[in-house]
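Chemist: the sequence and its predicted three-dimensional model are supplied below.
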Amino acid sequence: MEDVQVAPWILVVPVKRTAIAKSRLAAAYPQHRPELARAFAADTVEAALASPLVRTVLVVTDDPKVAADVTAAGARVVPDLPAIGLNEALDHGAAAAVAEFPDARIAALSADLPALRPDELTAALAACVADRSFVIDQPGTGTTMLAAAPGVALDPHFGVGSALAHQASGAVPLDLAIPSVRRDVDTAADLADAVQLGVGPRTAEVMSIVLGAVIGSEGLAC
Ligand SMILES: Nc1nc2c(ncn2[C@@H]2O[C@H](COP(=O)(O)OP(=O)(O)OP(=O)(O)O)[C@@H](O)[C@H]2O)c(=O)[nH]1
Ligand SMILES: C=C(OP(=O)(O)O)C(=O)O
């Protein structure tokens, strides 16, 4: 009988309600911040689903628009528990993943990676050989992905200074050239950098509306 290989990874992607998310973009993008947060999540999930190592993406969110977007893309939604916070949301998503896929490898992936490339995510997942591995973000202090081997607890420590916290908890940082996996977007400068790398279609669409509005308001074009 043919040996069908099953993709080993379940990704848990947390998405805060976009009405309150990405507050550090508020000054630069007061009108479009929620739409940008939604577009980042849609592009991140779509790129993750395109990796051949990814079996399923579980999106932990209470945002109905995000839930509709990611469901249409082929991901599954795990409703957030009320006001539990990022690491608790990840534990909640990981528990749902373990219950359904006990032999799978589980990784938490931030939803603010609009330039994410499936090939770079695949390279990152393939390099996760330790019990727990993680990807340090572009600034060097945070984390964009945390992965665990089957049977190993994810034990997430996302938040300010999470790179040090994950290392201190025994997770091993990946040493790979994977700029799109590292490029999380918190600030307007991060977003400009992501656009340089090449963002996914949803973010590109919102950015074209934003730039049209800016240029239009300056009377240069409409
Ligand atoms: N489900 C869920 N996801 C969260 C929560 N807090 C943060 N996230 C997600 O975790 C990822 C990293 O979070 P941050 O970069 O801090 O995002 P943020 O809180 O929207 O951004 P700031 O307001 O600028 O701090 C993003 O994908 C967020 O949507 C939470 O309480 N629940
Ligand atoms: C949640 C994190 O970071 P940020 O808020 O900078 O995206 C993190 O890096 O763990």
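Modeler: Arrived safely, thanks for sending. Ligands and ions are numbered 1, 2, ... in the order given.
Chemist: what sits against the closest residue to ligand 2 within the chain?
Modeler: Taking C-beta to the nearest ligand atom, ligand 2 has its nearest neighbour within the chain at residue 142, 2.3 Å off. C-beta coordinates here come from the backbone N, C-alpha and C atoms, glycine included. Residues in contact with residue 142 (C-beta atoms under 8 Å, 6 or more residues apart in numbering) are 136, 158, 160, 161, 162, 163, 184.
Chemist: pLDDT score assigned to the fifth one?
Modeler: What that stands for is residue 162. Note on residue 162: pLDDT of 98.
Chemist: skipping adjacent residues, who's closest to it in space?
Modeler: Excluding its sequence neighbours, the residue lying closest to residue 162 (C-beta to C-beta, 6 or more residues apart in numbering) is residue 143, at 4.3 Å.
Chemist: spell out which parts of the protein neighbour ligand 1.
Modeler: 14-16, 21-24, 60-61, 80, 85-86, 89, 110-112, 186 (C-beta under 6 Å from any ligand atom).
Chemist: now these: which count as buried?
Modeler: Among the residues of the chain next to ligand 1, those classed as buried by 16 or more other C-beta atoms under 10 Å are 14-16, 21-22, 60-61, 80, 86, 89, 110-112, 186.
Chemist: of these, which belong to helices?
Modeler: 86, 89 (DSSP state H).
Chemist: please list which of the buried ones among the residues of the chain next to ligand 1 are also close to ligand 2.
Modeler: residue 186.
Chemist: which neighbours in the sheet does the helix or strand encompassing residue 77 have, and how are they oriented?
Modeler: Taking DSSP states H and E as the criterion, residue 77 maps to strand 76-79. Strand pairing for strand 76-79, using DSSP bridges, gives strand 54-61 (parallel).
Chemist: next, the buried residues of the next helix or strand after the strand it pairs with.
Modeler: Counting by DSSP H and E, the element after strand 54-61 in chain order, helix or strand, is helix 64-73. Neighbour-count burial for helix 64-73, counted by 16+ other C-beta under 10 Å, picks out 65, 66, 67, 69, 70, 73.
Chemist: per-residue confidence for the second one?
Modeler: Just to be clear, that refers to residue 66. 98.
Chemist: what's the answer for the fifth one, then?
Modeler: Predicted confidence (pLDDT) for residue 70: 98.
Chemist: what's near enough to touch it?
Modeler: Counting by C-beta under 8 Å, 6+ apart, residue 70 has contacts 13, 15, 41, 42, 45, 57, 59, 61, 77.
Chemist: one step back: closest one of the buried ones among the residues of the chain next to ligand 1 to residue 128?
Modeler: residue 110 (15.7 Å; C-beta to C-beta).
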